[in-house]
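Trainee: just coords:
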């Protein structure tokens, strides 16, 4: 199922030329405990660091626009 929000659907000109295909997002995921984290006072959120976060960044580097890629540890954790 594809989620289409108002204004995010593909847009085309009167002659059919597509000029907007919606937002393009790539996602990389990895599973595991963070080895380092700290509270960011400016944003009010946690910042995470370590090998799992680095692995997620490397997995993201393999994802093309519109893809969700995940590591083997994430795949193994799926039900």
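Mentor: Right, received. Where do you want to start? Here the structure is a predicted model, which means the values were calculated and not measured.

Trainee: All the helices of this structure, residue numbers only.
Mentor: Listed in chain order, the helices of the chain (DSSP state H) span 51-62, 72-77.

Trainee: Redo those helices as a markdown table? Include distance to residue 14 and mean pLDDT.
Mentor: C-beta: built from backbone N, CA, C; applies to glycine. Formatted as a markdown table, those follow (distance: least, Cβ to Cβ, whole Å; pLDDT from 0 to 100):
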| stretch | distance to residue 14 | mean pLDDT |
| --- | --- | --- |
| helix 51-62 | 38 | 94 |
| helix 72-77 | 44 | 94 |
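
Trainee: Would you mind finding the most buried of those?
Mentor: Of all the helices of the chain, helix 51-62 carries the top mean neighbour count, a mean of 15, counting by mean count of other Cβ atoms under 10 Å.

Trainee: Counting by contacts, list what that helix packs against.
Mentor: strand 27-29, strand 68-70 (3 or more Cβ pairs under 8 Å, 6 or more residues apart in numbering; DSSP states H and E).

Trainee: Where does the prediction get shaky in this protein?
Mentor: 1-5 (pLDDT under 70).

Trainee: Any figure for the gap between the most centrally placed residue in it and residue 15?
Mentor: With distances taken as Cα atoms, centre = their mean, residue 27 lies nearest the centre of the chain, 2.4 Å away. Distance, residue 27 to residue 15, using Cβ to Cβ, to the nearest Å: 34 Å.

Trainee: Residue 38 too?
Mentor: 54 Å.

Trainee: More neighbours: the two, which one.
Mentor: Ranked by neighbour count (other Cβ atoms under 10 Å), residue 38 and residue 15 place residue 38 first, with 9 against 5.

Trainee: tell me the contacts of that one?
Mentor: Applying Cβ atoms under 8 Å, 6 or more residues apart in numbering to residue 38 gives the contacts 46-47, 49.

Trainee: before we move on, back to that, I'd like the helices of the chain written out as TSV, with distance to residue 6 added.
Mentor: Below are these laid out as TSV (distance: least, Cβ to Cβ, whole Å):
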stretch	distance to residue 6
helix 51-62	28
helix 72-77	32
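
Trainee: quick revisit: now intersect the contacts of residue 38 with the strands, please.
Mentor: Among those, the members found in strands (DSSP state E) are 46-47, 49.
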